[in-house]
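Chemist: just need the structure, nothing else, for what follows:
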Amino acid sequence: MIFPFFWMFSTALKSEAEIYKWPPSLFPNNPLWENFKEAWGMAPFNRYILNTFIITIFSVFFVCLFSSMAGFAFGKYTFAGREVLFWTMLLFMMLPSQVTLIPVYLILRDLRWLNTYQGLIVPGLASPFGVFLVRQYMQTIPNELIDAARIDGCSEWKIFSTIVLPLIKPVLGTLTIFTFTGSWNSFLWPLIITDRQEMYTIQVGISFFRGQYHVTYNYLMAASFISLIPVIIIFLLFQKYFVSGLVLSGMK
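Modeler: All right, here's what the predicted structure looks like:
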């Protein structure tokens, strides 16, 4: 599992001639640390990183917010058509994103949202997977806890914000990792929706290291390794939510 990351880092420190040497070497003979600096300077990566951070932070916040609200409604409320709506939503999880790519693009074109943050962020704010994940976790919270809050006079919003949200932090942490990783590594949609360099994301920027006839693998790997650092940090911050020994009940 670790070897691909090691190979990426090792390749980033090699010269172009050493990359194509046979047999290949695991460690660079003369590590070229300046490859990272040169790769960073070959394109406006500061702008790419800023764009990606803006898109990712908004995506994570709203996906977690909307998924928690919808999951709470599907898990703890009884209303007409609840099951039909829920299973209809799950059907959309089976559709590959390529199916809706052209219709969404045409809608955003008519809204004049091409090459904008709105166009990059809004289509991904609703996550059927996130709603499903939160709804399943919501069923582990006893209904008696919420009923007791209603008897005490809590409004529905207060129940959600002060009781439910603290109890579902583990699943929100898991959803944060999935959403952050997916948004940060998104390539196809930003490539299609943007054609101005100042709106490129980090993954689109990295792709330009691959030319039609030649690939500068050392610079490509250096830029890829830099782009991987935020994902690793987020995973380390939220990895505790993957621990299987978490208490799933809302009662203490």
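
Chemist: tell me which residues in the helix or strand of the chain with the lowest mean pLDDT are buried?
Modeler: When the helices and strands of the chain are scored by mean pLDDT, DSSP states H and E, helix 16-19 comes last with a mean of 84. Within helix 16-19, the residues scored as buried using 16 or more other CB atoms under 10 Å are 18-19. (Each C-beta comes from the backbone N, C-alpha and C, glycine too.)

Chemist: packing partners for it?
Modeler: Contacts defined by 3 or more CB pairs under 8 Å, 6 or more residues apart in numbering; DSSP states H and E place helix 16-19 against helix 217-238.

Chemist: what lies in contact with the helix it packs on?
Modeler: With contact meaning CB atoms under 8 Å, 6 or more residues apart in numbering, helix 217-238 is reached by 5, 8-9, 11-16, 19, 32, 35-36, 38-40, 42, 45, 53, 173-174, 176-177, 180-181, 184-185, 202-203, 205-206, 209-210.

Chemist: just the buried members of the residues you listed?
Modeler: Buried among those (16+ other CB under 10 Å): 8, 11-14, 19, 32, 35-36, 39-40, 45, 173-174, 176-177, 180, 184, 202-203, 205-206, 209.

Chemist: the helices in the stretch 151-252 of the chain, which residues?
Modeler: With DSSP state H, counting those that start in this stretch as the criterion, the stretch 151-252 of the chain has helices at 156-158, 165-167, 169-184, 188-193, 202-207, 217-238.

Chemist: now do the last one: distance to the chain's middle.
Modeler: Its chain's C-alpha centre lies 14 Å from the corresponding centre of helix 217-238 when counted by CA atoms, centre = their mean, to the nearest Å.

Chemist: now that helix and helix 169-184, what's the angle there?
Modeler: Angle of helix 217-238 versus helix 169-184, following axes from the mean of the first three to the mean of the last three CA atoms, to 10 degrees, is 160 degrees.

Chemist: show me which residues of helix 217-238 are buried.
Modeler: Neighbour counts over helix 217-238 (16+ other CB under 10 Å) mark 217-227, 230, 234, 238 as buried.

Chemist: closest to Trp87 among these?
Modeler: Of all the buried residues of helix 217-238, Phe238 has the smallest distance to Trp87: 29.5 Å, by CB to CB.

Chemist: excluding chain neighbours, what is closest to that closest one?
Modeler: Closest residue to Phe238 apart from its sequence neighbours, by CB to CB, 6 or more residues apart in numbering: Gly173 at 4.3 Å.
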